[in-house]
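Peer 1: what's the 3D shape of this:
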Amino acid sequence: MKAKTLEIEAYTITEVSRIFGYKTTAVLYRLLNSGKLDDYVYQDISGRIFLLLSPPNQIPLARKILKNIQIRRYSAIRNSGYLNKKRFN
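Peer 2: Purely as a prediction, here's the structure:
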C-alpha cells in the first residue's frame, strides 16, 4: 500500500502579504506576534516560517485576518479580489 502524501499550500509572510494586496508585512507580523495566527503557521527544519492559506479544519487565512483587523472601506484584502475566488463563496 502506498503512503499518502500531504500537499500543503504554504507561503512565506512576504508572499502572503502580496497575495492579499498589502504593501508591507506589518499586519501579518502584528497578528503573528499576538498569537492569532498560530493555527496557520508552518515552520520548516531551518526555522523559516510559512503560512498556510487554507489549513484543514480551519477557516481560510483571509477570513481569519478580516475577523481580527478593523474593517475599512478600502481594505487591501478586500480590494485585491482574493476573496472573490470560487473557493471562498
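Peer 1: from here on, contacts and neighbour counts on C-alpha atoms
Peer 2: Fine.
Peer 1: contacts only, for residue 40.
Peer 2: The contact partners of residue 40, by Cα atoms under 8 Å, 6 or more residues apart in numbering, come to 51-55, 61.
Peer 1: what's the span of stretch 11-22, first residue to last?
Peer 2: According to Cα to Cα, to the nearest Å, stretch 11-22 extends 15 Å from its N-terminal end residue to its C-terminal end residue.
Peer 1: I'd like the average pLDDT over it.
Peer 2: Mean pLDDT, stretch 11-22: 90.
Peer 1: centre of the chain to that stretch, how far?
Peer 2: In this view, stretch 11-22 has its centroid 8 Å away from the chain centroid, taken as Cα atoms, centre = their mean, to the nearest Å.
Peer 1: how about stretch 16-32?
Peer 2: On the basis of Cα atoms, centre = their mean, the separation between the geometric centre of stretch 16-32 and that of its chain is 9 Å.
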